[in-house]
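1. Just the structure for this:
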Amino acid sequence: MSVDDLDRALLLELLEHPRAGLREYARVLGVARGTVAARFLRLQETGVITDLAPQVSTRALGYPVAAFIQLDLAQGHLDSVVEALTEIGEVIEAHTVTGDGDLLCQVVARDTPELEHVVQRIIAIPGVVRTRSQVALTQRIPRRVLPLVRQAAGKGAARGSVRARTAAPRAPR
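-> Now for the predicted structure:
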């Protein structure tokens, strides 16, 4: 799907002011509420907007220990290993990767003994040949996409377009 200037402007509004609502987005963007609603729905349906759930702190849920575990897999076991990993609640992300290893998982735990237990559960999955773990000390940059949307808006926006109209400072709410 191609993302145009209005889509980028809407994405910026959604990321910078996630609670504003469609009516406010329409006002700021200078378009009809129905247009904003249709664009929002299309961005969801095409996978540009992938989630509307709040970001929840794992630390606040009692899981202050975060680690990255690299998995080496036996050939032909990727799908079965991923399926088994989805059964371990402490595995919060998994990515297939290039280079050393086959999967990179982010896991959380309440403490280091629990982290060891999570690692042992992962090692016990048929098809997992080896693991390497790194405990995260501090998250310095949280997952973010706003800078990317800003860059895309700067490169793709035509002069005098929606981007130019939304560049003016807003009135306080």
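2. Geometric centre of this structure: which residue is closest?
-> The centroid of the chain falls nearest to Arg143 when counting by CA atoms, centre = their mean (6.1 Å).
3. Any idea how many residues pack against the nearest residue to that residue once chain neighbours are set aside?
-> Nearest non-adjacent residue to Arg143, counting by CB to CB, 6 or more residues apart in numbering: Gln55, 7.9 Å away. In short, each C-beta sits where N, CA and C put it, glycine included. Counted with other CB atoms under 10 Å, the neighbours of Gln55 add up to 7.
4. element containing Gln55?
-> Using DSSP states H and E, Gln55 maps to neither a helix nor a strand.
5. if I look at it, how far off is Pro18?
-> Distance from Gln55 to Pro18, counting by CB to CB, to the nearest Å: 10 Å.
6. and the protein, what are its domains?
-> 5-53+144-166, 65-136 (automatic domain parsing).
7. Select, out of these, the one closest to Arg59.
-> Each of the domains of the chain has some distance to Arg59 by CB to CB; the shortest is domain 65-136, at 8.3 Å.
8. pLDDT averaged over that closest one - what is it?
-> Average pLDDT, domain 65-136: 98.
9. Ends of that domain, what's the gap?
-> In domain 65-136, first residue to last residue: 7 Å (CA to CA, to the nearest Å).
10. still on that earlier bit, give me the pLDDT value at the residue nearest to the centre of the chain.
-> 89.
11. for the one 5 residues further on, same thing?
-> In this prediction, Leu148 carries a pLDDT score of 92.
12. which SSE is it in?
-> Per DSSP H and E, Leu148 falls inside helix 146-156.
13. Can you name every helix or strand that that helix contacts?
-> Counting contacts by 3 or more CB pairs under 8 Å, 6 or more residues apart in numbering; DSSP states H and E, helix 146-156 is packed against helix 5-16.
14. So what's the gap between the helix it packs on and the chain middle?
-> Here helix 5-16 is found 17 Å from its chain centre; the criterion is CA atoms, centre = their mean, to the nearest Å.
15. That helix: which residues count as buried?
-> 5-14 (16 or more other CB atoms under 10 Å).
16. And for stretch 15-24?
-> So for stretch 15-24, counting by 16+ other CB under 10 Å, buried means 22, 24.
17. for Arg140, helix, strand, or coil?
-> Assigned state for Arg140: coil (three-state reduction, DSSP: H, G, I helix; E, B strand; the rest coil).
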